[in-house]
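fold the following and give me the result.
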Amino acid sequence: MQYILTQMFRLRQLTGVIRHPLCVLLLIYTSIFSCPALAQNGFVRDSLDIYIAREMARWQVPGLAISIVKDGKLLFCKGYGVRDIETKIPVDEFSLFQIASNSKAFTATAIALLDYQKTLSLDEKVTHYLPYFRLYEPSSTELCTVRDLLTHRIGLGTFQGDFLNWGSELSRKEIVEGLARTKPKNPFRYRYGYCNAGYITAGEIIPVVTNISWDEFVKIHFFDPLKMVHTNTNFQSMKIDKNACSPHIIHMGKLGKIPLVNIDNMGPSACINSCVSDMSKWLLMQLDSGRYEGNQVVPYKVLQETRKAQMANGDIHSNLFPSKHFSSYGLGWNSYDYQGKRIWEHSGGANGFVTKTEFIPEVNLGVIVYTNSESNSLYDALVKQVIDDYLDIPYRNLSELYYFRGLSKKLAEKKALDSLVGLAAEKRKTPIPLQNFSGKYSNTMYGEMTLSIEKGKLMMHLSHHPNNAATMDYLGDDKFLCSFSDLSCGIEVLPFTLENKKVKTIHVKVNDYIDYEWYEFTKYNEPNQN
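Below is the predicted model:
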């Protein structure tokens, strides 16, 4: 009771200072639907609505959906806020989100199922199924197995190559072929490096051995038997769905809606669109040894295979969670210990969306949280907040802790960016005429980039991302401030090099959210140094 009174007092404080219409809407409105309170814990039953409304306001999250499954039942399934800040249409339990890398568990389970059926082998060489498959190092190509693809250990760094692949016009096969041009950051099987292209490659094996696409396979074997009737794997279905959420981002301190990005080419790594109602069925199946409504959808041995630790990943040291002792990746699932229990989970991030799925077989509990803004950590904090409640962990506001832990960095980044924007506004003179930067540039991994003068501005056009032009403003010191039209790619400082007063190279980067790496583009008619 004391906890509830404390939350009510905090809510009164909050509503006394909030003036933004969206925040007021979040506090007043939640979706009508909520599953019956079947054995809900105190926090979920008495305080979850208040908590979510307050924390959505703190993080400026337009819309959120959450579901909780426990002991074989769907206990809670609800939407909060709005699908779109312009239309103000509310989120409900059937609202679609791009769940991005939560797709990987479906792909890994599909491959593990085919392994169980002896249709393929997890430990067979990839070239056995895809003769055109190549990694940068020939020895790595010869060694690479299907299991290596699914466990993020083929040598690439985390997100390496996604600058080329994400939201591009490349096909899935072209992404696989691009691995041959991607120089790895690490030795083969030496270190975990989260690799979307590895999952795309694994997914491309499915039509080779089954004669149906990855998209059809996951629908036939998972979506249909689990009655996931709202779930799909393509951009067009998401775009026309009347209950789909729009993506949002906080850019230059302001929340805004952004276009939905077509990531069909990311397929097996990221392109599933789903809702918390549908995904609850996926978790109920996971927690019931592969059964759903009494039917064996997936053999339990297949699920066990996906949950085996394959590769150590991440830093286990955390001030917020000091009891954590290990973190590993299996097949499509991260696994770690939390408060003495073993958790399997995955998150997903796409342009304007971040999502989370977690489950604990020991206590027969699963939690899903989806949000339609990429600029928040509430999606992760809320999952753990609910888990804490069911594990009887003393209450602490994890969302608040997450928020203030990152606040100083966020403020420093905004201050630095404001300074750079101000510097760019001075319209400094370039060391050579601006038009001399115009022309074509190439990078071995990416391909071509073109710089051109348009309405007095230097503009960047990337050959594989025709919808993502960028404005280049000179800062001085041989650097441009690059502002991408795709706001998820960010605003970056790009250095260039001159030789005999001629442009030699420009180094290009996008937001870490997409790719951590720098890519050197060499101007044509200059020696290639890629």
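
ok, and what's touching the longest strand along the chain?
Ranked by residue count and defined by DSSP state E, the top strand of the chain is strand 465-476. For strand 465-476, contacts defined as Cβ atoms under 8 Å, 6 or more residues apart in numbering pick out 167-169, 420, 423-425, 427-430, 434, 437, 451, 457-462, 480-486, 489, 493-494. Where you see a C-beta, it was placed from the backbone N, CA and C, and this is true even at glycine.

now the phi/psi pair for the spatially most central residue of the chain, please.
Nearest to the mean C-alpha position of the chain, counting by Cα atoms, centre = their mean, stands Gly349 at 1.6 Å. Dihedral angles of Gly349 (phi, psi; degrees, to the nearest 10) stand at phi -130, psi 120.

buried ones in the longest strand of the chain?
The neighbour-count check on strand 465-476 (16 or more other Cβ atoms under 10 Å) flags His465, Asn468, Ala469, Ala470, Thr471, Met472, Asp473, Tyr474, Leu475 as buried.

run the chain-centre distance for it.
On the basis of Cα atoms, centre = their mean, to the nearest Å, strand 465-476 sits 24 Å off its chain's mean C-alpha point.

quick check: next helix or strand after it?
Counting by DSSP states H and E, the element after strand 465-476 in chain order, helix or strand, is strand 479-484.

okay, strands next: where are they in the stretch 101-250 of the chain?
Secondary structure of the stretch 101-250 of the chain by DSSP state E, counting those that start in this stretch: the strands cover 248-251.

for the stretch 351-500 of the chain, that is, sorry about that
Going by DSSP E, counting those that start in this stretch, the stretch 351-500 of the chain shows strands at 353-360, 365-371, 439-443, 447-454, 457-462, 465-476, 479-484, 491-499.

weed out the non-buried ones from the contacts of strand 465-476.
Counted by 16+ other Cβ under 10 Å, the contacts of strand 465-476 give 167-168, 420, 423-424, 430, 437, 451, 458-462, 480-484, 486, 489, 493-494 as buried.

just list whatever residues bridge to Ile453.
Leu458 (DSSP bridges).

so who does Asn511 touch?
Counting by Cβ under 8 Å, 6+ apart, Asn511 has contacts Ser488, Cys489, Gly490, Glu492.

export those to TSV and append columns for distance to Tyr379 and pLDDT.
Converted to TSV, the contacts of Asn511 look like this (distance: Cβ to Cβ, whole Å; pLDDT from 0 to 100):
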residue	distance to Tyr379	pLDDT
Ser488	16	96
Cys489	21	97
Gly490	20	96
Glu492	25	97
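
make JSON lines out of those residues and add distance to Gln60.
Compiled in JSON lines, these are given as follows (distance: Cβ to Cβ, whole Å):
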{"residue": "Ser488", "distance to Gln60": "16"}
{"residue": "Cys489", "distance to Gln60": "20"}
{"residue": "Gly490", "distance to Gln60": "18"}
{"residue": "Glu492", "distance to Gln60": "23"}
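
farthest-separated two in those?
In terms of Cβ to Cβ, these reach their longest pairwise distance at Ser488 and Glu492, which sit 12.2 Å apart.

so these two - more neighbours on which side?
Between Ser488 and Glu492, counted using other Cβ atoms under 10 Å, the more crowded position is Ser488 (23 against 19).

that one contacts Asn351, doesn't it?
Yes: Ser488 is within contact range of Asn351, at 4.2 Å (criterion: Cβ atoms under 8 Å).

shared neighbours, these two?
The contact sets of Ser488 and Asn351 overlap at Ile249, Ile258, Val261, Glu374 (Cβ under 8 Å, 6+ apart).

just put those residues in JSON lines and tack on neighbour count and pLDDT.
Below are the shared contacts of Ser488 and Asn351 laid out as JSON lines (neighbours: other Cβ atoms under 10 Å; pLDDT from 0 to 100):
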{"residue": "Ile249", "neighbour count": "20", "pLDDT": "98"}
{"residue": "Ile258", "neighbour count": "18", "pLDDT": "98"}
{"residue": "Val261", "neighbour count": "19", "pLDDT": "97"}
{"residue": "Glu374", "neighbour count": "22", "pLDDT": "96"}
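
what does stretch 172-185 contact?
Outside of stretch 172-185, the residues within contact range by Cβ under 8 Å, 6+ apart are 130, 132-137, 140, 154-157, 160-161, 164-165, 170, 193, 197, 200-201, 203-204, 265-268, 444-445.

would a markdown table of the strands of the stretch 351-500 of the chain with distance to Phe222 be doable?
Below are the strands of the stretch 351-500 of the chain laid out as a markdown table (distance: least, Cβ to Cβ, whole Å):
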| stretch | distance to Phe222 |
| --- | --- |
| strand 353-360 | 14 |
| strand 365-371 | 15 |
| strand 439-443 | 38 |
| strand 447-454 | 35 |
| strand 457-462 | 35 |
| strand 465-476 | 31 |
| strand 479-484 | 35 |
| strand 491-499 | 39 |
